[in-house]
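Trainee: Dropping a prediction and its sequence here:
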Amino acid sequence: MDENITQHFRPDEAPFIAAVGNWLQQVQDEYRPVLTHFLNPRQVYVATTLARRADIAVRFNGGYPGAEMQRALFYPAYYEPTITDFELSLVRVDYPVKFATLHHSQILGTLLGSGIEREIVGDILTDGQTWQLVTETNMVNYLSNQIDRIGRVKARLVLADWESRVRPMDEWTPETATLSSLRLDNIVGSGFHLSRHRAKELIEAGKIRVNWADTEKPDYELAVADLVSVRGFGRIRLDEVAGRTKKEKIRVVLSVLKK
């Protein structure tokens, strides 16, 4: 990928940019569609930008409208993608609902503890009682065979029909803000109405992740589609950088999901 493109992104995104470049080259060289693992919102944004520059078509699907984690399908002009091309399956967590309570972090931790990478699993959904997850179809049997409990709760993973997908109970709230910079502590403070000092404490205490990666740098510069998880508070997504004010403040649009 040439430097004129990579300079528009962060240095720590270089490996992913290189991966996208390889996928795009595959489509050009082999004239066939290329399917990725699950991408987070920031990766979807980067992949969309790079595919547009390369004039190669791309579609994303995470199993349902509004999915956070999505697989990308890059494809040549002649190809018309279908839903089956994304190879997605819905899995239900069977557990004793009346006697146990599950949490998102427990389920994700168990999945990762089974030996898979985060990119193999899409969204984890709940309506407060039923838990489901989206995964790659070829991993359903592996996960079903590997997992017999979530934390201390006996559980098993069962293939489910898409018609049974639960409606997530959580709702994102849009918020606008005017900030001096796109520093992580600024965004966290604004999204959860905390002082910058308190936001900095949370970051340095290791309670914040950006795109599922740990970071303890309050001055980490965020970009469009970055997803910030704050333990005990919820999540923030940077949806748009909408220019500057006359005083050179940055206008942003955030989506906030509070616990």
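Mentor: Perfect, I can see it now.

Trainee: where's the closest residue to Val166 other than its chain neighbours relative to Phe233, distance?
Mentor: Residue nearest to Val166 in three dimensions, not counting chain neighbours: Asp127, with 4.2 Å by C-beta to C-beta, 6 or more residues apart in numbering. No exception for glycine: its C-beta is placed from N, CA and C like everyone else's. Taking C-beta to C-beta, to the nearest Å as the criterion, Asp127 is separated from Phe233 by 22 Å.

Trainee: circling back: just give the number of residues close to the residue nearest to Val166.
Mentor: Under the neighbour criterion other C-beta atoms under 10 Å, Asp127 is assigned a count of 13.

Trainee: Hmm, it is touching Ser164, no?
Mentor: No. Assessed by C-beta atoms under 8 Å, Asp127 is found out of contact with Ser164, at 11.1 Å.

Trainee: and the residue lying closest to Arg10 once chain neighbours are set aside, what does it touch?
Mentor: Counting by C-beta to C-beta, 6+ apart, Ala223 is the residue found nearest to Arg10 once chain neighbours are left out, at 6.6 Å. Listed by C-beta atoms under 8 Å, 6 or more residues apart in numbering, the contact partners of Ala223 are 9-10, 42, 182, 238.

Trainee: again with Leu227
Mentor: With C-beta under 8 Å, 6+ apart, Leu227 has these contacts: 40-42, 68, 210-212, 235-237.

Trainee: Now restrict the residues you listed to buried residues only.
Mentor: By the neighbour-count criterion of 16 or more other C-beta atoms under 10 Å, the contacts of Leu227 include these buried positions: 40-42, 68, 210-211, 235-237.

Trainee: What is the nearest of those residues to Thr137?
Mentor: For Thr137, the nearest member of those is Glu68. The distance, counting by C-beta to C-beta, is 19.1 Å.

Trainee: thinking again about what came up before, in strands, which of the contacts of Leu227 fall?
Mentor: When DSSP state E defines the strands, the subset of the contacts of Leu227 inside them is 210, 235-237.

Trainee: Distance to His103 and pLDDT for those - can I get that in TSV?
Mentor: Formatted as TSV, those follow (distance: C-beta to C-beta, whole Å; pLDDT from 0 to 100):
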residue	distance to His103	pLDDT
Val210	21	94
Arg235	15	92
Ile236	20	96
Arg237	21	95
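
Trainee: Which of those sits closest to Val256?
Mentor: Nearest to Val256 among those, counting by C-beta to C-beta, is Ile236 at 5.4 Å.

Trainee: list the contacts for the closest one?
Mentor: Neighbour list for Ile236: 187-188, 191-192, 227-228, 230, 254-257 [criterion: C-beta under 8 Å, 6+ apart].
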